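> Make a model of this:
(2 chains)
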Protein chains: 2
Amino acid sequence: MITLYGSPLSGNTHKIRMALAFLGLPWDERLTDAAARQSDAFRALTPMTQIPLYVESDFTLRDSQAILAYLAARHRPGEWDGDSPEERGQVALWLSHAANEIANGPATLRLARKFGLAIFEDHAAAVTARILPVIEAHLEGRDWLAGDRLTIADMAASPYLALMGDAGLDLDDWPAIRDWTRRIAALPLFPEMPGWASEGAA
Amino acid sequence: MITLYGSPLSGNTHKIRMALAFLGLPWDERLTDAAARQSDAFRALTPMTQIPLYVESDFTLRDSQAILAYLAARHRPGEWDGDSPEERGQVALWLSHAANEIANGPATLRLARKFGLAIFEDHAAAVTARILPVIEAHLEGRDWLAGDRLTIADMAASPYLALMGDAGLDLDDWPAIRDWTRRIAALPLFPEMPGWASEGAA
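Residues are numbered from 1 along each chain as shown, chains lettered A, B, ... in the order given. Model (predicted):
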């Protein structure tokens, strides 16, 4: 049995919900809000006290990119994490961007705008301004971030870009990113996420 | 032929130097300083204009974690990037920490202290204070970050921790991290890096 500690509006949690839904795996999602994350019980499970946290039998793993890498290696090796060394490198590149620039840029701006958290505003804005044009240019003329199909690169990078409206940004300013997030949302078994529009949406 | 765009004091470049040296592969290192990184020629090679940049025949890859993932998949699959799905997840976790907390914490503090760059000081200090105790606790009683041997997790995470003295931090405050960085520096073929002490050092 898989237990996923997360919260409904967490984009990082949604990365894992997407992977589990696409895999057709059942999971038990345990609501872990800010107060629960500071509890001693949760700290004993994960020293960073962050969600998502993935538990399967006696295996525990934190960090959304790491959980995606585990699920790919376990259930879709090659297809989801790169079927050549070159593709493995490309997938890893987008996991880095998801862990760094996307997390510290648009995801952090969303924490302030949607949830009222205190952030280092100028830092988050600078990171956002730096990464969005790079992603937009990369997605012009291609359907997926790495290779010719959905990989964990797309699952790791897409939530906080699809939800950039929550961060005070306009997805229509970035049409290649917008079309790609809608392409992902139109995939069979995609789990709904408030604020994430699918391809057919107006 | 492998071309590595980098600079001698770049910890990110050193991650790749370590991997190539351990693999016994020859490479051509091209000094790419701040001015060279802003040139149109370099921007045409990599939109983030960051080092290291790895070029091998017609394959180009940016991001030190991604380059390590490529080298592991190409030359040491399993051994360097995890020989089970669980280990793949653990290695990916430390690539995330290297791309995010270590880069935005101690590595960024070093940019200010050693090179005089303007940084978001409070942000870098907060990230550093959050990640160092987690790494120290993880390394207490173990020799390597993931699994029972050197992996790309160690190569990705170690340089900016070994060099924390350049960032105004004291490695002796973190004995498990210190001993691990010296363990790595004592490995056969380890390439020297100014400021990185080996196990035998006083």
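> where does the closest residue to A:Asp33 other than its chain neighbours sit relative to A:Arg110, distance-wise?
Nearest residue to A:Asp33 in three dimensions, chain neighbours excluded: A:Ser7, at 6.0 Å (Cβ to Cβ, 6 or more residues apart in numbering or on different chains). For glycine as for every other residue, the C-beta is placed from the backbone atoms N, C-alpha and C. As defined by Cβ to Cβ, to the nearest Å, A:Ser7 lies at a distance of 13 Å from A:Arg110.
> again, but for A:Pro26
Following Cβ to Cβ, the distance that separates A:Pro26 from A:Arg110 is 29 Å.
> For A:Ala153, which non-adjacent residue is closest in space?
A:Ala153 sits nearest to A:Trp94 (Cβ to Cβ, 6+ apart), 3.5 Å away.
> next helix or strand past the strand or helix carrying the one you found?
Element membership for A:Trp94 (DSSP states H and E) is helix A:85-97. Sequence-wise, the next helix or strand downstream of helix A:85-97 (DSSP H and E) is helix A:103-104.
> can that next one be found next to chain B?
Yes - Helix A:103-104 is in contact with chain B by Cβ under 8 Å from any Cβ of the partner chain, via A:103-104.
> Who are the packing partners of that helix?
The contact analysis (3 or more Cβ pairs under 8 Å, 6 or more residues apart in numbering or on different chains; DSSP states H and E) places helix A:103-104 against helix A:121-139.
> now the helix it packs on and helix A:85-97, what's the angle there?
Angle between the axes of helix A:121-139 and helix A:85-97 is 150 degrees (criterion: axes from the mean of the first three to the mean of the last three Cα atoms, to 10 degrees).
> Between A:Ser7 and A:Arg110, which is the more surrounded one?
More neighbours surround A:Arg110 than the other of A:Ser7 and A:Arg110, with 25 against 18 (other Cβ atoms under 10 Å in any protein chain shown).
> hang on, the more buried one packs against A:Leu163?
Yes - under the contact definition of Cβ atoms under 8 Å, A:Arg110 touches A:Leu163, with a separation of 6.2 Å.
> Would you map the helices across chain A?
Assigned by DSSP state H, chain A shows helices spanning A:11-23, A:34-37, A:40-45, A:64-75, A:85-97, A:103-104, A:106-115, A:121-139, A:152-157, A:159-162, A:175-185.
> just the ones you listed: most buried one?
Greatest average neighbour count among the helices of chain A goes to helix A:152-157 (a mean of 28), per mean count of other Cβ atoms under 10 Å in any protein chain shown.
> Quick check: which helices or strands does that helix pack against?
helix A:11-23, helix A:64-75, helix A:85-97, helix A:175-185.
> So which of those helices is nearest A:Pro159?
Proximity to A:Pro159 (Cβ to Cβ) singles out helix A:11-23 among these, at 3.5 Å.
> And the contacts of that closest one?
A:2, A:4, A:6-7, A:26-27, A:29, A:50-52, A:54, A:64-65, A:67-68, A:71-72, A:75-76, A:98, A:103, A:107, A:110, A:150, A:152, A:155-156, A:159-160, A:163, A:184, A:187, A:189-191, A:193 (Cβ atoms under 8 Å, 6 or more residues apart in numbering or on different chains).
> Which parts of chain A belong to which domain?
A:2-75, A:85-185 (automatic domain parsing).
> okay if I get the ones you listed as JSON lines plus mean pLDDT?
Listed next are the domains of chain A as JSON lines, based on pLDDT from 0 to 100:
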{"stretch": "domain A:2-75", "mean pLDDT": "97"}
{"stretch": "domain A:85-185", "mean pLDDT": "97"}
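> Which of these sits closest to B:Ala129?
domain A:2-75 (12.9 Å).
> what sits against the closest residue to A:Glu29 other than its chain neighbours?
Nearest non-adjacent residue to A:Glu29, counting by Cβ to Cβ, 6+ apart: A:Leu4, 4.9 Å away. Neighbouring residues of A:Leu4 by Cβ under 8 Å, 6+ apart: A:13, A:16-17, A:20, A:27-30, A:52-55.
> Might you quantify the distance of the helix holding A:Trp94 from its chain's geometric centre?
15 Å (Cα atoms, centre = their mean, to the nearest Å).
> Any idea which of the helices of chain A gets closest to B:Phe115?
helix A:121-139 (18.1 Å).
> What is the burial count for A:Asp33?
Other residues close to A:Asp33 by other Cβ under 10 Å number 10.
> again with A:Asp28
Neighbours of A:Asp28 using other Cβ under 10 Å come to 10.
> For it, give the beta-bridge partners.
A:Thr3 (DSSP bridges).
> residues contacting it?
With Cβ under 8 Å, 6+ apart, A:Asp28 has these contacts: A:1-4.
> before we move on, what about A:Ala197?
A:162, A:181-182, A:185.
> Name the residue most distant from the centre of chain A?
For chain A, the largest distance from the centre (Cα atoms, centre = their mean) belongs to A:Asp40, which lies 26.4 Å off.
> can you redo the helices of chain A as JSON lines with distance to B:Phe115?
Shown next, in JSON lines, are the helices of chain A (distance: least, Cβ to Cβ, whole Å):
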{"stretch": "helix A:11-23", "distance to B:Phe115": "32"}
{"stretch": "helix A:34-37", "distance to B:Phe115": "36"}
{"stretch": "helix A:40-45", "distance to B:Phe115": "36"}
{"stretch": "helix A:64-75", "distance to B:Phe115": "29"}
{"stretch": "helix A:85-97", "distance to B:Phe115": "22"}
{"stretch": "helix A:103-104", "distance to B:Phe115": "21"}
{"stretch": "helix A:106-115", "distance to B:Phe115": "25"}
{"stretch": "helix A:121-139", "distance to B:Phe115": "18"}
{"stretch": "helix A:152-157", "distance to B:Phe115": "30"}
{"stretch": "helix A:159-162", "distance to B:Phe115": "30"}
{"stretch": "helix A:175-185", "distance to B:Phe115": "33"}
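> which one of the ones you listed lies closest to B:Ala35?
That would be helix A:121-139 among the helices of chain A, by Cβ to Cβ, at 18.8 Å.
> And the contacts of the closest one?
A:97, A:101-102, A:104-106, A:108-109, A:112, A:145, A:157, A:161, A:167, A:169, A:174-177, A:179-180, B:47-48, B:120, B:123.
> Next one: the residue nearest to A:Leu117 when sequence neighbours are not counted relative to chain B, how far apart?
In space, A:Leu117 comes closest to A:Leu111 once its chain neighbours are excluded; the distance is 4.3 Å by Cβ to Cβ, 6+ apart. Distance, A:Leu111 to chain B, by Cβ to the nearest Cβ, to the nearest Å: 14 Å.
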